[in-house]
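Undergrad: when you get a sec, could you give me coordinates for this:
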Amino acid sequence: MSATIHRLADRAPSLEPMIELVTGDMNLVNAAILDRMQSQIPLIPELAGHLIAGGGKRMRPMLTLASARLLGYMGTRHHRLAAAVEFIHTATLLHDDVVDGSDLRRGKRTANLIWGNPASVLVGDFLFSRSFELMVEDGSLKVLKILSNASAVIAEGEVNQLTAARRIDLGEDRYLEIINAKTAALFAAACRIAAVVAERPEAEEAALDAYGRNLGIAFQLVDDAIDYISDAGTMGKDAGDDFREGKMTLPVILAYARGDEADRKFWKDAVEGRRDSDADFAHAVELVRATRAVDDTLARARHYGQRAIDALGPFAASKAKEAMVEAVEFAVARAY
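TA: Reported below is the predicted structural model:
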């Protein structure tokens, strides 16, 4: 299978076609989000709104809406379910930033830095609860099973990543397990539930699941590469966050495997927390570039991106399909 994603000839890939495709639906989703994040406890909407209104792309709920358009679904059930998907995602981000001790999220100070860790964890729990309310209100046990399973898989993936932190012996297979769970599972579920509400065959459910899962893996691979080639101004997070947290992402796994004895000692010290200065990060960037670790991480991202595009093969040509293909191209092109 080719791992070459066909570039648009006249412009850089963008999310704009997908945004335009689902604008009307997204307005209804945003209204549901705003309504369900309200509480008599003022801290809850204040803290939740800091992140929800913080400039995120709303990629996951957009995938639910775009998948519904792809299938020609004309109902409204997917609006609440897309809101549920966004609440699950936001809850995991709030918890993530506490676990990681992050300072920046979407270019802004993280909620835990402003309100503290306890408030961030508890508001994350509140948003998880709201997501389950929305699932139950939909009334489909199948939808509930898909989204609740995704929530459990994400949590399991986060624990897996936590136990893998600062472990220089982490291999590529376990790394892929982690990103499949913590990132790709929700992408897959967000797409799959559209086929359920549209009452489409199991084969179309599976195709949308494959599209979302492979897109999610590609998306995370690019994120992990970007940690070594970006700056906070362009990506909304501090470059080197993963490095300083001792995360064994694919660029590090590949650079460590390809390094000489001195390079391996550097990576071991860095991953175990003994080398985390700005100068150390600069050296790490040199090593991932010299060993082509970033290049090969991005090549893998293109491979999974092509698998996502291939998964849309059974569906007829449409604006929705074009937008979903371009969303993959955009996800991969963010690193260039």
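Undergrad: just the element for K268, please.
TA: Counting by DSSP states H and E, the secondary-structure element that holds K268 is helix 261-271.
Undergrad: break down the stretch 1-150 of the chain into its strands, ranges please.
TA: 104-105, 108-109 (DSSP state E, counting those that start in this stretch).
Undergrad: which of those strands has the lowest mean pLDDT?
TA: The stretch with the lowest average pLDDT out of those is strand 104-105, scoring a mean of 69.
Undergrad: ok, the nearest residue to A203 once chain neighbours are set aside - contacts?
TA: In this structure, A203 finds its nearest non-sequential neighbour in P314, 7.2 Å apart by C-beta to C-beta, 6 or more residues apart in numbering. Placement of C-beta: from N, CA and C, glycine included. Shown in contact with P314 (C-beta atoms under 8 Å, 6 or more residues apart in numbering): A203, E204, A207.
Undergrad: for the residues you listed, please prepare CSV with the additional fields secondary structure and neighbour count.
TA: Listed next are the contacts of P314 as CSV, based on DSSP: H, G, I helix; E, B strand; the rest coil; neighbours: other C-beta atoms under 10 Å:
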residue, secondary structure, neighbour count
A203, helix, 10
E204, helix, 19
A207, helix, 23
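Undergrad: export these to CSV and tack on pLDDT and distance to S131?
TA: Formatted as CSV, the contacts of P314 follow (pLDDT from 0 to 100; distance: C-beta to C-beta, whole Å):
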residue, pLDDT, distance to S131
A203, 97, 28
E204, 98, 24
A207, 98, 25
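Undergrad: just the CA trace of stretch 74-91, in PDB.
TA: Listed next in PDB are the C-alpha coordinates belonging to stretch 74-91 (Å, rounded to 0.1, in the frame of the first residue of the first chain):
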ATOM      1  CA  MET A  74     -30.900  14.000   8.000                       C
ATOM      2  CA  GLY A  75     -31.800  13.700  11.600                       C
ATOM      3  CA  THR A  76     -30.600  15.500  14.700                       C
ATOM      4  CA  ARG A  77     -29.400  12.800  17.100                       C
ATOM      5  CA  HIS A  78     -25.800  13.300  16.100                       C
ATOM      6  CA  HIS A  79     -25.800  16.800  17.600                       C
ATOM      7  CA  ARG A  80     -26.000  15.700  21.200                       C
ATOM      8  CA  LEU A  81     -23.700  12.900  20.600                       C
ATOM      9  CA  ALA A  82     -21.100  15.200  19.000                       C
ATOM     10  CA  ALA A  83     -21.300  17.300  22.200                       C
ATOM     11  CA  ALA A  84     -20.800  14.100  24.200                       C
ATOM     12  CA  VAL A  85     -17.600  13.400  22.200                       C
ATOM     13  CA  GLU A  86     -16.300  16.900  22.900                       C
ATOM     14  CA  PHE A  87     -17.000  16.600  26.600                       C
ATOM     15  CA  ILE A  88     -15.100  13.300  26.700                       C
ATOM     16  CA  HIS A  89     -12.200  14.900  24.900                       C
ATOM     17  CA  THR A  90     -12.200  18.000  27.200                       C
ATOM     18  CA  ALA A  91     -12.400  15.900  30.300                       C
END
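Undergrad: for that stretch, the distance to its chain's centre please.
TA: Relative to the mean C-alpha coordinate of its chain, stretch 74-91 is positioned 16 Å out (C-alpha atoms, centre = their mean, to the nearest Å).
Undergrad: buried ones in that stretch?
TA: Neighbour counts over stretch 74-91 (16 or more other C-beta atoms under 10 Å) mark 77-91 as buried.
Undergrad: which of these sits closest to E158?
TA: When the buried residues of stretch 74-91 are compared for distance to E158, the smallest value, 11.2 Å, is given by A91; criterion: C-beta to C-beta.
Undergrad: tell me where the stretch 201-336 of the chain has helices.
TA: 202-226, 232-235, 241-244, 250-258, 261-271, 278-290, 293-311, 319-333 (DSSP state H, counting those that start in this stretch).
Undergrad: select, out of these, the one closest to R11.
TA: Checking the helices of the stretch 201-336 of the chain against R11 by C-beta to C-beta gives helix 319-333 as the closest, at 10.0 Å.
Undergrad: determine how far that closest one lies from the middle of the whole chain.
TA: Centre-to-centre, helix 319-333 and its host chain are 15 Å apart (C-alpha atoms, centre = their mean).
Undergrad: that helix - contacts with which helices or strands?
TA: Packing contacts for helix 319-333, counted by 3 or more C-beta pairs under 8 Å, 6 or more residues apart in numbering; DSSP states H and E, involve helix 16-36, helix 59-70, helix 202-226, helix 293-311.
Undergrad: Throw the ones you listed into TSV and include distance to K247, thanks.
TA: Formatted as TSV, the entries for the helices and strands packed on helix 319-333 read as follows, by distance: least, C-beta to C-beta, whole Å:
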stretch	distance to K247
helix 16-36	29
helix 59-70	21
helix 202-226	8
helix 293-311	13
